[in-house]
Each structure stands twice: as structure tokens, then as C-alpha cells.
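Student: following is a predicted model, sequence given first.
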Amino acid sequence: MAKILIIDDDETIHLICKAYLSKSGYTVETAFDGPEGLELAASCQPDLVLLDINMPRMSGFDVAKKLKENEATKHIPIVMMTSLKQDSNIQRGYGLGIEDYITKPTNMAHLKLRIDKFLEKKK
Amino acid sequence: MLEILTQSEHFYTYVTLAVIFLAFFNVAEVFFLLHNKAMVERSELKRQRLKRLAATALITSTSPAELLPKPVTEDDFAAYSEAIASVLDSFEGEVAFTATKLLTDLGIDAHYRRLARHRTWYKRGNAIDILASFRLKANREFFLGIFRSEPSLDVKYRILYGLSRLTREHSDIKALAHLLSTLPYLTAKYTEDIFYNIITALKAEDKENEFGLFMDELLHDQGVLNLVKRDCITACYAASCEKNRDLLKAYYEAYPSEPEILIAAVRALAKQGDFSVMPYALQHHDWRVRLAALKYAHLCCMGMLTEIRAMLRDPSYHVRINAGLALARGGGISRAALKEEAASQDKFAAAAAAYALSMEAS
């Protein structure tokens, strides 16, 4: 069963994504900020990380950078899910090596399809 | 008075009584604060619990209102509205549809509509902010109605902000622009945010062209301040409205002596990868326009190497520095030219070139 790690400071997002993705057969872990997310990513080795940008303590960009720098986590695909729509942010995200950039509001069904695509590629 | 007290045979009794009173007051204050802290924590816990309940109900049921307790207190309404606003901001499709339905089913929308007519202005303002976060099209007429009767300017600004998120078509923009003109002052950021919201709302409905129609009308309208036109273009830059590229060029041509408009147009066009106005902007008489163009010169104008090199001798310090940086970013021939300039006799050009080279090295 594929494991997804959601790093977002909004609990509502956790609950909704967790309920939806669990129904689709994924195991979902959640973290409320960057440091907690980095720790979880290293320990539970998820198959994919869903990452927000605006978070307390550490921004999503910094988290993505650290994940890609760490030997143990650099292979994990990162999908950024944020309300920041500016091109500069999208470029910055891809520059850090993320796999996809999704802007909010997002459709859960589309999100699931994109996650499926990445996890299929990984197999 | 002090003399009478100190000479009194009961002096020490008075002092003891005062100390006891102060001690009692301090203990009572500590208890009051502890009680208050417990109340706030309890209310926060209840809020979190309700938010969690609402989010879970939204994803697990098609009629979540049946699973949720009816909101009674202000905290209950706040908890539900926070959860629903968060869902509407982050998701679309079925979840968003159910969340919108929940607003009506639980009477949240009606509650804040009532509160928007409260006698205290900040309660009205808060209610307007919350209603705006729901982006319910049905609230458009309501916002227009309360704008007319609203006495507080602070609340009026919020109503217009809410209205801007509910724009559906060209006539809505015109109505909004008219309401904006009734306000006594507009900051650049506020106006830009309003236009940004309008563009985003129209884009969501695939009607970006309607904003183009509005900008076209504004182009030669002398009754509208040029600064408002500038904010309109800046919003285009922020919201990346790519369908209005020709209009942005028309603004550049129509206002040759308005640096604020020219700068905004240069930036908005450059963001869309259109550098057609750059050669003119680089030679504009106003240093601020030259400066704005130089920020993008390395992307488009290396064919103008002689002109950019000459800008190392520009009267403006900022232009000289940015000309150096543009040459450094350009690489190849332009970088070689910059190295030559670093050894130039002209001390201003040499200093700008040396600075640009040092920045590149760091």
C-alpha cells in the first residue's frame, strides 16, 4: 500500500486529503510544519510528499530543498500544493527539483489522478 | 492626611489592613487570569473539535448538516466558517459544492448576513470579511445593498473587497469601478488587490477577456486617474492576464509621459515574455523607466549592447548600476565589454562595472 506524507499547517486540509486518499487505498501520514515533516519523511519513507509552501517555522521551499539534499529522501517525489500562483514561485519550486506544482483550489479527483500517475511511474 | 495617619494609634492596624487587602486583590487577580485562560483554552479546543467535525462530515457524507450539531454560539459559527472557508480556498468540485451547501443548511450565511447589519462597525466589518471568504455569488446583491446604507468607511472598503471576489462580467467591473470612485482615498495596494481579485474571479469563469474590455474603455478615459490605470496594469502583472498583451502595449504608447504607467506596462509585458517595448523604454527620458527596462535587458536586448554600455555613464546612479548588472547577466560579449569598462577612464562607468562584476562573483 503506497504511503503519502502531507505537510501542511491547515488541519482541515489534512483531514480532507487523508479521508479521500485513504478511501482510495493510500496510507496517509500528516505533519503540521517543515521540521516535523522532514523528520517523518526520513523515518517513514513515504512514496510521495504533498507539500504546502506557506507554513510556520520553515517554508515549503526550504523543506523541498532539504528533502532533495538528503540522500535518504531525495528519491521521494514532491508535489507542491499551494495557493501561490505566481510564475516565480512555480519556477522556484521546479528549480528545487519538485515533480509537480498544483495550485489551490484543487479538485480532489484530479489530485488523486496525478498522485496515481507519479506512483505508477515509480513502480 | 499622611501626618494624621502616621500619628494615629491605629497606624499599624491600617497598614496591616492595606497589606491584607492588596494580598487578597493579587490572589483574586491570579484566580481571575487562570479562569480566563481555562475559558479561552476550552473555547479553542471546542473550536478545533468543531472544525475537525465539519471537515470529516464534508468528506464522509453527502448531507453533512445532518451529522453536525447546529451552531449556537459565536464560537460555533466561527469554527464552522473557518473550516468551510479553508475548504473553499483549497478545493473545488464535489467537496466545495458540499461545503457551500453546508453554509445554507447550518444557517451560517444567514447568521453573518444578520451580523453585517450589527450596530457596532467592527462586528459588521468582521461579518463582511467572513462572508467574502465564502465567495457566494448570491451575496453580490446583498453586498451592493449594504454598501449603500453603510455609514462606516472602514466597512465600505471591506464590502468592495468582498464584491471584487464575486465579479462575473464586464458590467460588474464597471459597477465596482463606480463604487471605488465614491471612496475618499485609495492606496495603490488596495486598488491593485481589487483588480487582482476581479481578474482572478473572471479567469475562474474563463472570462478574462471581459477585463480586457474594461481596460480598453479605461485607456482613453480622462476622468479616471492615471494612478488607477497603473494599478490596473500592475494587477495584470500579478495575475498574469496574458490575453491583454496588446492592450498593455497600447497603454505604453498612449502614455509616453507617465512613467508610472510605462514602468507597470514594461514589467507586465516582460513577465509574459513580450519585450517589444524594451528598446524604447531603455532610451526613455525618465530614469525610472530606463531602470525598469534594464531589469529585463539581459533577456532580450543584448543586440543593444552599445546603448546599454553607454548607460554605464547615465546621470542616474541606479541606472548605471543596473546597466552593469544587465551586462554581467548577459554573459559572453557583454561581459567582456563590462570588463573593459571596469578599466575605463570614466570613474562612474568604472565603478558601476566593477560593482556589477563583484556582484556576479559573489
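Tutor: Here it is on my side, so go on.
Student: show me where the stretch 51-200 of chain B has strands.
Tutor: Per DSSP state E, counting those that start in this stretch, the stretch 51-200 of chain B carries strands over the ranges B:91-92.
Student: ugh, wrong one, chain A
Tutor: Using DSSP state E, the strands of chain A run over residues A:3-7, A:27-31, A:48-51, A:78-82, A:100-103, A:106-107.
Student: run the angle between the first one and strand A:27-31 for me.
Tutor: The directions of strand A:3-7 and strand A:27-31 differ by 20 degrees, with axes from the mean of the first three to the mean of the last three CA atoms, to 10 degrees as the criterion.
Student: pull the CA atoms of the longest helix along chain A into CSV?
Tutor: Using DSSP state H, we find that the single longest helix of chain A is helix A:108-122. Extracted in CSV, the C-alpha atoms of helix A:108-122 (Å, rounded to 0.1, in the frame of the first residue of the first chain):
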residue,chain,number,x,y,z
MET,A,108,-9.6,16.1,-5.2
ALA,A,109,-10.3,13.7,-8.1
HIS,A,110,-7.7,15.4,-10.3
LEU,A,111,-5.2,15.4,-7.4
LYS,A,112,-5.7,11.6,-6.9
LEU,A,113,-5.1,11.0,-10.7
ARG,A,114,-1.8,13.0,-10.5
ILE,A,115,-0.7,11.1,-7.4
ASP,A,116,-1.6,7.8,-9.2
LYS,A,117,0.5,8.8,-12.1
PHE,A,118,3.6,9.5,-10.0
LEU,A,119,3.3,6.4,-8.0
GLU,A,120,2.8,4.3,-11.2
LYS,A,121,5.9,5.9,-12.7
LYS,A,122,7.8,5.0,-9.5
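Student: returning to that earlier point: any idea which of the strands of chain A gets closest to chain B?
Tutor: strand A:106-107 (4.1 Å; CB to the nearest CB). C-beta coordinates here come from the backbone N, C-alpha and C atoms, glycine included.
Student: for that closest one, which strands pair with it and how are they oriented?
Tutor: Paired strands of strand A:106-107, with direction, are strand B:91-92 (parallel) (DSSP bridges).
Student: tell me where the model's unsure across chain B.
Tutor: Flagging of chain B using pLDDT under 70 yields the residue ranges B:360-362.
Student: picking that back up, would you turn the strands of chain A into CSV with mean pLDDT and mean neighbour count?
Tutor: CSV is the format used below for those (pLDDT from 0 to 100; neighbours: other CB atoms under 10 Å in any protein chain shown):
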stretch, mean pLDDT, mean neighbour count
strand A:3-7, 93, 23
strand A:27-31, 92, 19
strand A:48-51, 93, 26
strand A:78-82, 91, 23
strand A:100-103, 88, 17
strand A:106-107, 88, 17
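Student: and those as TSV, adding distance to B:Ser358?
Tutor: Below are the strands of chain A laid out as TSV (distance: least, CB to CB, whole Å):
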stretch	distance to B:Ser358
strand A:3-7	39
strand A:27-31	42
strand A:48-51	36
strand A:78-82	35
strand A:100-103	35
strand A:106-107	44
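Student: close to chain B, is the longest helix of chain A?
Tutor: Yes - shown here: helix A:108-122 in contact with chain B (CB under 8 Å from any CB of the partner chain) through A:108-110.
Student: so how far is A:Ile13 from A:Val49?
Tutor: Going from A:Val49 to A:Ile13 by CB to CB, to the nearest Å gives 14 Å.
Student: which neighbours do the two have in common?
Tutor: Taking CB atoms under 8 Å, 6 or more residues apart in numbering or on different chains as the criterion, A:Val49 and A:Ile13 both touch A:Ile6.
Student: please name the nearest non-neighbouring residue to residue 67.
Tutor: Assuming you mean chain A. With sequence-adjacent residues excluded and distances taken as CB to CB, 6 or more residues apart in numbering or on different chains, A:Leu67 is closest to A:Thr73, at 4.7 Å.
Student: if you could check chain B rather than the one you did, that'd help
Tutor: The shortest distance from B:Leu67 to any non-neighbouring residue, by CB to CB, 6+ apart, is to B:Ala57 (4.4 Å).
Student: next up, the contacts around that neighbour.
Tutor: For B:Ala57, the contact set (CB under 8 Å, 6+ apart) comprises B:64, B:67-68.
Student: quick one: which of these is nearest B:Arg165?
Tutor: B:Arg165 lies nearest to B:Pro64 out of the contacts of B:Ala57, by CB to CB, at 24.2 Å.
Student: what residues does chain B put near chain A?
Tutor: Residues of chain B found near chain A (CB under 8 Å from any CB) are B:48, B:51-52, B:54-56, B:58-60, B:83, B:86-96, B:238, B:240, B:271.
Student: mind giving me the ChimeraX command for buried ones among those residues?
Tutor: Per 16 or more other CB atoms under 10 Å in any protein chain shown, the buried members of the residues of chain B next to chain A correspond to this ChimeraX selection:
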select /B:51,52,54,55,56,58,59,83,86,87,88,89,90,91,92,95,96,238,271
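Student: close to chain B: what parts of chain A are there?
Tutor: Applying CB under 8 Å from any CB, we find that chain A lies next to chain B at A:10-13, A:15-16, A:19-20, A:83, A:85-87, A:104-110.
Student: hmm, try it at 6 Å
Tutor: Residues of chain A lying near chain B by CB under 6 Å from any CB of the partner chain: A:10, A:12-13, A:15-16, A:19-20, A:104-105, A:107-108.
Student: can I get the residues you listed in CSV with distance to B:Leu33?
Tutor: Converted to CSV, these look like this (distance: CB to CB, whole Å):
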residue, distance to B:Leu33
A:Asp10, 31
A:Thr12, 31
A:Ile13, 34
A:Leu15, 33
A:Ile16, 37
A:Ala19, 39
A:Tyr20, 43
A:Lys104, 40
A:Pro105, 42
A:Asn107, 47
A:Met108, 44
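Student: any of those residues buried? List them.
Tutor: Neighbour-count burial (16+ other CB under 10 Å) is assigned, among those, to A:10, A:12-13, A:15-16, A:19-20, A:104-105, A:108.
Student: B:Glu258: what's it in contact with?
Tutor: Taking CB atoms under 6 Å, 6 or more residues apart in numbering or on different chains, we find B:Glu258 in contact with B:Asn226.
Student: if we can go back for a sec, what angle do the longest helix of chain A and strand A:3-7 make?
Tutor: Going by the same axes, to 10 degrees, helix A:108-122 makes 130 degrees with strand A:3-7.
Student: flag every buried residue along helix A:108-122.
Tutor: A:108, A:111-112, A:114-115, A:118-119.
Student: now render these as a markdown table, adding pLDDT.
Tutor: Listed next are the buried residues of helix A:108-122 as a markdown table, based on pLDDT from 0 to 100:
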| residue | pLDDT |
| --- | --- |
| A:Met108 | 87 |
| A:Leu111 | 88 |
| A:Lys112 | 89 |
| A:Arg114 | 88 |
| A:Ile115 | 89 |
| A:Phe118 | 83 |
| A:Leu119 | 82 |
